[in-house]
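Trainee: Give me a 3D structure for the following:
(one chain, ligands or ions: 1)
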Amino acid sequence: PASTRLLPQGDLEVGGQALTSLAGHFGTPLQLLDETEVRHRARAFRQALPEAEVVFAGKSLPCRSVFRWLADEELSLDVCSAGELAAARTAGIPAARILMHGNVKTDEDLEAALSYGVGRIVLDSFDEMDQLAGTAQPVLIRVTPGIDAHTHPAVTTGVDGQKFGFPLDTVPDAARQTAANGLRLVGLHCHLGSQITRVSVYEDAVRRLIGLGLPIEQLDLGGGFAAPYCVGDQPFDLTGFANRIRAALAHECTRQRIPLPRLVIEPGRAIVANAGVTLYRVIAVKPGFVAVDGGMSDNPRPALYGARYTARLVGRHTRAPRHAVTVVGRHCEAGDILAQDVPLPDDVHAGDLLAVPVTGAYHHALASNYNLVGRPPVVGVRDGVAQLLVRRETEEDLLRRDLIPA
Ligand code: LLP
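Mentor: Numbers count the residues shown, from 1 in each chain. Next up, the predicted model:
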């Protein structure tokens, strides 16, 4: 996070709190979130695109405090299950500002959405349209624009031949059927993928969706804006995006002779990823490997997407030479790797503290109980105050659902 400061004795400060003292107080592994950084990034989106609606993709960090911080920054919220909606509802997020997504919305999801009265539901199939028929629900149609976002295949969602959305050639029919089913069509949506670095793919999406020639109130281009993870990664060019999308939208609407729709975007990662830091305790060191007290249960992203991370020693100075090691976790798989080619000092030893930055997005969200390991707490830091936002999972939590029939 931007609020990181180097302290004496090799310690680091985030949000005005020393990492060593946070680890001492809350234990490890520990997920930290810099509230100021989250708010700052939300504002950056709003300032770059003051005319647009910015919707936070709740799946990237489903935590009620974060939902509140972002509602406070006047962002809307996207949820994709009854569970995420329950988090939003109980955090007090107004229904009108919630969008519901998902390629599979179960009866439970749709009932929860309708009974809370969410502002918009993003339709993903004709079957879903049948389920909503007669409800007068405002909807967007999720379009498969057939655009390759040039990102990891597991998070590429705008190409043909994947499970999301209505193929482009079926959209005019889908639009007609929304009206026939009594639904209120407010716009078109697409989501091209995640960790996208090229602005041009969003311009293509504007051309394809507006190119359908349908007069719409809203054009939702989804999320996907890349976050920088390692030194040398470029942050997403938000100003370039704003300028080029504005121009493409104006041009295409003039060509189609349709009024300019309101732009909607759904960033998740780009708002929260860089606000997160995870602290781990070193448990064992072997030639080439440093093993810590977390792993793929709190960060499956290297295993799932080949995601790259870095790590640094925190809390002591050393002049020992550095050599590249692999930081591994505690789980019973060789693929349980947190970071590769990390230049750690040769005298790194059990008991040392390691900080892994850029862990705010899809870490808490993707964490599991693999090997019956409890999930780490989430602690928010701001102006020298640390607050527990999600507590650490206990042994009792872990065993609660396991019933031994008499
Ligand atoms: N809108 C929709 C409809 C989405 O499905 C997503 C993410 C977003 C917005 C936000 O995308 P973002 O701005 O965060 O890239 N677990 C994967 C990422 C999965 C993304 C799922 N959808 C990862 O850890 O990389």
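
Trainee: What residues does the protein have near the ligand?
Mentor: Proximity of the chain to the ligand, by CB under 6 Å from any ligand atom, involves residues 57, 59-60, 78, 101, 155, 191, 194-195, 222-225, 266-270, 301, 305, 361-362, 366. C-beta: built from backbone N, CA, C; applies to glycine.

Trainee: Among the residues you listed, which lie within helices?
Mentor: Counting by DSSP state H, the residues of the chain next to the ligand place 269-270, 301, 305 in helices.

Trainee: Using a markdown table, lay out those together with pLDDT and neighbour count.
Mentor: Putting these into a markdown table (pLDDT from 0 to 100; neighbours: other CB atoms under 10 Å) gives the following:
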| residue | pLDDT | neighbour count |
| --- | --- | --- |
| Arg269 | 98 | 25 |
| Ala270 | 98 | 27 |
| Arg301 | 98 | 19 |
| Tyr305 | 96 | 16 |
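
Trainee: Show me which of the residues of the chain next to the ligand are buried.
Mentor: Taking 16 or more other CB atoms under 10 Å as the criterion, what is buried in the residues of the chain next to the ligand is 57, 59-60, 78, 101, 155, 191, 194-195, 222-225, 266-270, 301, 305, 361-362, 366.

Trainee: Quick one: residues contacting Thr90.
Mentor: Contact analysis of Thr90 by CB atoms under 8 Å, 6 or more residues apart in numbering lists Arg64.

Trainee: switch to numbering from 50
Mentor: OK, 50 is where the count begins now, so the last one is Thr139.

Trainee: so what's the backbone phi/psi at it?
Mentor: In terms of degrees, to the nearest 10, the main-chain angles of Thr139 are phi -80, psi -10.

Trainee: Tell me where the stretch 100-249 of the chain has helices.
Mentor: All helices of the stretch 100-249 of the chain, identified by DSSP state H, counting those that start in this stretch, fall at 113-121, 131-139, 156-165, 175-181, 220-229, 249-259.

Trainee: what's the closest of those helices to Arg365?
Mentor: With CB to CB as the criterion, Arg365 lies closest to helix 113-121 of these, at 31.8 Å.

Trainee: quick one, the closest one and helix 131-139 angle?
Mentor: Here helix 113-121 runs at 60 degrees with respect to helix 131-139, directions being taken by axes from the mean of the first three to the mean of the last three CA atoms, to 10 degrees.

Trainee: Now do helix 113-121: everything it contacts.
Mentor: Taking CB under 8 Å, 6+ apart as the rule, helix 113-121 contacts 82, 84, 87-88, 91, 105, 107, 126, 136-137, 139-143, 146, 320-321, 429, 436, 438.
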